[in-house]
Structure formats: structure tokens, C-alpha cells
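Trainee: Sequence first, then the predicted structure:
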Amino acid sequence: MAGHTVLRFVPYRIAPDPLSEPEYEAVCVSGDDADCGAASGTSATPEPVAAWQFTHSGETGHTRFRRTFHEYTVTTPADGSECSIVPRGEQGPS
């Protein structure tokens, strides 16, 4: 008698990781021959980065920036249930 496998497909959602904070940053990319390269540093909110951009623009006349936003996320079952994910190759005995 052959064994069989039952698969339960669960819809997942992606949500911000509650154990981490997002990171905002801006880098000045103004310049004729090369980017200025001045950077705001990272912040958990966008306001200090925007304030730095305004200040940098006022002091230098530079108006072009590359802003980035990073966050950590987690995937969880959409219905809030507990579901174990076992990576391939790490299944237990059959």
C-alpha cells in the first residue's frame, strides 16, 4: 500500500515586520560631471530626510535626489492561522 500526501494550500499576505522600523534616506545626485553624493543619513520617518533635502538645496542649489525606503516584512497566512512552512529538503521522515 503506497502512502499519500495531503497538501493544504494557504493564501499568504505580506506585512511589515513589527519588530523592525522602516528606513528612509536621500542622496544628492545633482552635479554636472559627477553626483554630489551628499547623504541625509537614515531615519525611521520621512520628515527628517525631507528637511535635510530642503536644507541641502538651500545651501547648494542642488535639486535632484535619489530617495530610498526600506522595510522588513514577514509573510503570514492571510486568515491569521498558524501554519508551518517546512523548506524543501528539510521535511521530516515519511
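Mentor: Received the coordinates, thanks. Numbers count the residues shown, from 1 in each chain.
Trainee: residues in contact with the helix or strand containing Phe69?
Mentor: According to DSSP states H and E, Phe69 maps onto strand 65-70. By Cβ atoms under 8 Å, 6 or more residues apart in numbering, the surrounding residues in contact with strand 65-70 are Pro22, Glu23, Tyr24, Glu25, Ala26, Val27, Cys28, Val29, Ser30, Pro46, Val49, Gln53. From N, CA and C alone the C-beta is placed, and that goes for glycine too.
Trainee: what's downstream of that strand, the next helix or strand?
Mentor: Downstream of strand 65-70, the first helix or strand assigned by DSSP H and E is strand 73-77.
Trainee: roughly how far is that following strand from the heart of the chain?
Mentor: Offset of strand 73-77 from its chain centre (Cα atoms, centre = their mean, to the nearest Å): 13 Å.
Trainee: partners of it, with directions?
Mentor: Strand 73-77 has the following sheet partners, assigned by DSSP bridges: strand 12-16 (antiparallel).
Trainee: Which strands or helices does the next helix or strand along the chain from the strand it pairs with pack on?
Mentor: Once strand 12-16 ends, the next helix or strand along the chain (criterion: DSSP H and E) is strand 23-28. Contacts defined by 3 or more Cβ pairs under 8 Å, 6 or more residues apart in numbering; DSSP states H and E place strand 23-28 against helix 46-60, strand 65-70.
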